[in-house]
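Asker: please find the sequence and the predicted model below.
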Amino acid sequence: MRQAGRYLPEYRALRARADGFLEFCLTPELAVEASLQPIRRFGLDGAILFSDILVIPHALGLGVHFEDGQGPVVEPVRDAAAAGRLSTSALAHRLRPVWETVARLKAALPPEVALIGFAGAPWTVATYMVEGGSSRDFAAVRGWAYRDPVGFAQLIDLLVEATAIHLNRQVEAGAQVLQIFESWAGALPGEEFRRWGVEPVARLIAAVKTAHPGVPVILFPRGAGTTYADWAAESGADVIGLDCGVPLEWAARTLAGRCILQGNLDPVALVAGGAALDAAAERILDRLGSKPLVFNLGHGVLPHTPSEHVDRLVALVRRWRG
Ligand code: 1CP
């Protein structure tokens, strides 16, 4: 997760060549290079497309930009009237550079490296659209969902439709696996997680599987807590990404065997390095490694991560695999 990014000097040099982060994501030459950098350096098994989940609001016609050190800023959508003004009419035009990046990446990658395409889940992308960026309490988006569920459903439905097109086109361009980031699953009220989280994601996965029955889908419902089992059982995902808060024994008992698991090394353990990193990685392999496991972090690589710690981790996992 965030295997490309600021912790790599070659990424920082590349990033300096684009004006804004969105332009960076939408320039195939740069996005291909950013995707390949961690593969060259570490020899990972999977390459993730370099893009962002917020290309979808951009493709729906909203202003999106990234302030350095401040995170994303999205032109806010606060009610059904504003949602009604959004449309998919320019979506293909605006997302074509991303699909082009996928096609070029597929051609550039060694055949044994799996190419992972991705998108944000409807709820998670909606949080950025309604809040106008990142949020602490998600009061605006949850407020709208309580106040006007019919209007909010229009926005979620539009996101399901747009995201299905985006994911299907990524598969057609060469993505072999898809990952759906429900990074703000933990912000869903307990009584609403099905309606705004699991159900839209299930519709999205069904749309992808109808067009491309064989494509494996990874779902990362970060912060889902006790509802992790429901996401696993009801979403239709093949793989469930565990965040760092999920206890390994619980995951082994409750989820392993029902779906493939991915995760969940604490990115801070990767920053710490040394014996603490080894112990944290070994615990995961020990508890989850007897069933199918995609070894990964439980969230994104942090910008101050020493790249030698990533080397050390990759070597450890490779030794374990034999
Ligand atoms: O140059 C920079 O420092 C910009 C930082 C950055 C990067 C490297 C952003 C802005 N996006 C990305 C790339 C990115 N984003 C990838 C690339 C592939 C890879 O993993 O190497 C992916 C998969 C994402 C997905 C993404 N963007 C998510 C879901 C994953 C997660 O972190 O939970 C989310 C929530 C975003 C929104 C976003 N974009 C960028 C930032 C800093 C954020 C998060 C803001 C917030 O915390 O609310």
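Answerer: Nice, thanks for sending it over. Numbers count the residues shown, from 1 in each chain.
Asker: please enumerate the helices of the stretch 51-200 of the chain.
Answerer: 55-59, 80-84, 91-108, 122-131, 139-147, 149-173, 193, 199-211 (DSSP state H, counting those that start in this stretch).
Asker: format the ones you listed as CSV; extra columns: distance to G298, mean pLDDT and mean neighbour count.
Answerer: Yep, even glycine has a C-beta here, placed from its N, CA and C like the rest. CSV is the format used below for these (distance: least, CB to CB, whole Å; pLDDT from 0 to 100; neighbours: other CB atoms under 10 Å):
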stretch, distance to G298, mean pLDDT, mean neighbour count
helix 55-59, 24, 98, 23
helix 80-84, 33, 97, 15
helix 91-108, 25, 98, 18
helix 122-131, 16, 98, 26
helix 139-147, 24, 97, 17
helix 149-173, 23, 98, 19
helix 193, 19, 97, 22
helix 199-211, 19, 98, 19
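Asker: quick one: the ones you listed as CSV, columns for distance to Q262 too.
Answerer: Converted to CSV, the helices of the stretch 51-200 of the chain look like this (distance: least, CB to CB, whole Å):
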stretch, distance to Q262
helix 55-59, 22
helix 80-84, 32
helix 91-108, 21
helix 122-131, 17
helix 139-147, 26
helix 149-173, 18
helix 193, 20
helix 199-211, 15
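Asker: and the strands in the protein, which stretches?
Answerer: According to DSSP state E, the chain carries its strands in the segments 46-48, 64-67, 71-74, 114-120, 177-182, 217-221, 239-241, 260-265, 293-297.
Asker: name the helices or strands packed onto the second one?
Answerer: Under the contact definition 3 or more CB pairs under 8 Å, 6 or more residues apart in numbering; DSSP states H and E, strand 64-67 sits against helix 21-25, helix 55-59, strand 71-74.
Asker: picking that back up, so which of the helices of the stretch 51-200 of the chain comes closest to the ligand?
Answerer: When those are compared by CB to the nearest ligand atom, helix 122-131 sits nearest the ligand, at 6.3 Å.
Asker: neighbouring contacts of the closest one?
Answerer: Residues from elsewhere that reach helix 122-131 (CB atoms under 8 Å, 6 or more residues apart in numbering): 53-54, 56-57, 62, 72, 74, 76-78, 119, 134-135, 138, 140-141, 144, 152, 155-156, 159-160, 163, 181-185, 187-188, 196-197, 200-201, 204.
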